[in-house]
Structure formats: structure tokens, C-alpha cells
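> Okay, structure incoming, though there's no sequence with it:
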């Protein structure tokens, strides 16, 4: 749970005892009932990955409540929806399976941290169970623990994104895909030739 860098700062601020107590009392290798309810009720979370050289990346993952599922006490699954085509997070999983997920409740300040080992599967049997899913990410939970919510700003959800897939809902195309600087580079689009005609 803690490495030398953590220990040096804990010793400097006399927090080693409380850090050890927090690990003993709050850190768990299987999801509790409250964790499952928190995760499956979330409409968003932050997903941290790292590449093969250790460079970290973090992305926001959003959907309709229930888009993240707890398949069992050790397995979380969520869909990969259409994005910008960079595949930074999913690409990182091909070279580094270690991930972290941060779930935050802004309306009633609370947060849950999950660390685990992740994989992505384009042909996962669950892929068709999410409207608009291109792939499924499964995370094997290594540790989960709540985190002090005191600095979470209280905010309320005004509206779910119209881009979040749902049965019977056709999300609109994002405006950036229509921008001249990007549109001929989109998947399935053949670039124009020098005269402006499709190639």
C-alpha cells in the first residue's frame, strides 16, 4: 500500500500511524455492498492508466447511471463508447494492465478509489448488452477504499449528456466531427483528392 516515498512524508508529518490504521480499517480486496451501490449508481468516473514507460494518463468516463457494472465482488466492467479515436486509455491497457478508478458523488460528497488490473475485449460477450459499446473493459479489483470527501465541492447534476448512449436513443454527432480540420480524417471517410473530390 505504501512505498518509501509515502513513508518519508508520513514520518515528516507524523501520519504513519493513521495511514496504517486507515489501511487496516478501510482498504479491502473485494467490493462491499456500499461500493457496488456507489459504482453502479454513478454516471461518471475518472479512469487512470499508464503507458509502457510509466507515463500516466487520466480520462473522464461518462454514461447513464448503471453503465458501470459490478459483475462480482472482484470484477468491474464498463463499455468503451465512441471517442476521438486516440485510444490512449485502452491502448495503455495493451502494455500496462494497472489502472485506478475514482468514483465521486458531488451531490452528497463521497468518493471511492479502486485499483486493479484491466483488460479490453472487442468481442466480450457483454458488448451487445450496452447500447453503443465498441468494446468492454473489465477490471479485476486489487484494492478498494473510500477517501475523505471534505474537499469535494458540492454540485448537482443538471442533465445527463445527450451523447450518452441508451436504448432507443440516437446520440447526435459531436460538433468537432464536422469541423473541416477533422472531418476527412474520420474513420470510414475517404480523403478528398487535390480537386476536392472524394478519393
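Yep, that arrived. Keep in mind it's a predicted model, so treat the numbers as computed, not measured.

> May I ask which helix or strand of this structure has the lowest mean pLDDT?
Sorting the helices and strands of the chain by mean pLDDT, DSSP states H and E puts helix 180-183 at the bottom, at a mean of 90.

> Find the nearest non-adjacent residue to residue 132, please.
Setting aside the residues directly before and after it, residue 132 is nearest to residue 165 in space (CB to CB, 6 or more residues apart in numbering), at 3.0 Å. C-beta here means a position set from N, CA and C on the backbone, and glycine is covered the same way.

> got a list of what residue 26 touches?
Applying CB atoms under 8 Å, 6 or more residues apart in numbering, we find residue 26 in contact with 145, 146.

> let's see it at 10 Å
Contact analysis of residue 26 by CB atoms under 10 Å, 6 or more residues apart in numbering lists 113, 143, 144, 145, 146, 147.

> and if you look at residue 140?
74, 75, 76, 97, 99, 116, 117, 118, 119.

> let's see 7 Å
Going by CB atoms under 7 Å, 6 or more residues apart in numbering, residue 140 touches 74, 75, 116, 117.

> With residue 132 instead?
81, 82, 165.

> Please apply the same query to residue 147.
Residue 147 makes contact with 111, 113 under the criterion CB under 7 Å, 6+ apart.

> Same question for residue 152.
Residue 152 touches 104, 106, 109, 111, counting by CB under 7 Å, 6+ apart.

> picking that back up, ok, how many other residues are close to the residue nearest to residue 132?
18 (other CB atoms under 10 Å).

> Now do the same for it: its pLDDT.
At residue 165, the model reports a pLDDT of 94.

> any weak-confidence spans in this protein?
Low-confidence segments of the chain, defined by pLDDT under 70, span residues 190-199.

> Any buried residues in the helix ranked longest in it, and which?
Looking across the chain with DSSP state H, the single longest helix is helix 16-26. Within helix 16-26, the residues that qualify as buried are 19, 22, counting by 16 or more other CB atoms under 10 Å.

> just how off-centre is that helix within its chain?
26 Å (CA atoms, centre = their mean, to the nearest Å).

> Residues contacting the next helix or strand after it, please?
Downstream of helix 16-26, the next assigned helix or strand under DSSP states H and E is helix 33-40. Contact with helix 33-40 is made by 66, 68, 69, 70, 76, 103, 112, 144, as judged by CB under 7 Å, 6+ apart.

> What of stretch 68-80?
30-31, 36, 39-40, 42, 45, 61, 67, 90, 114, 120, 126, 130, 133-141.

> Of all residues in this protein, which one is nearest the centre?
The residue lying closest to the centre of the chain (CA atoms, centre = their mean) is residue 47, at 3.2 Å.

> Would you enumerate the residues in contact with that one?
Contacts of residue 47 (CB under 7 Å, 6+ apart): 58, 59, 61, 89, 99, 101.

> out of these, which are buried?
The buried subset of the contacts of residue 47 - by 16+ other CB under 10 Å - is 59, 61, 89, 99, 101.

> Those residues in helices, which ones?
residue 89.

> Which of the buried ones among the contacts of residue 47 fall within strands?
Those of the buried ones among the contacts of residue 47 mapping onto strands are 59, 61, 99, 101, per DSSP state E.
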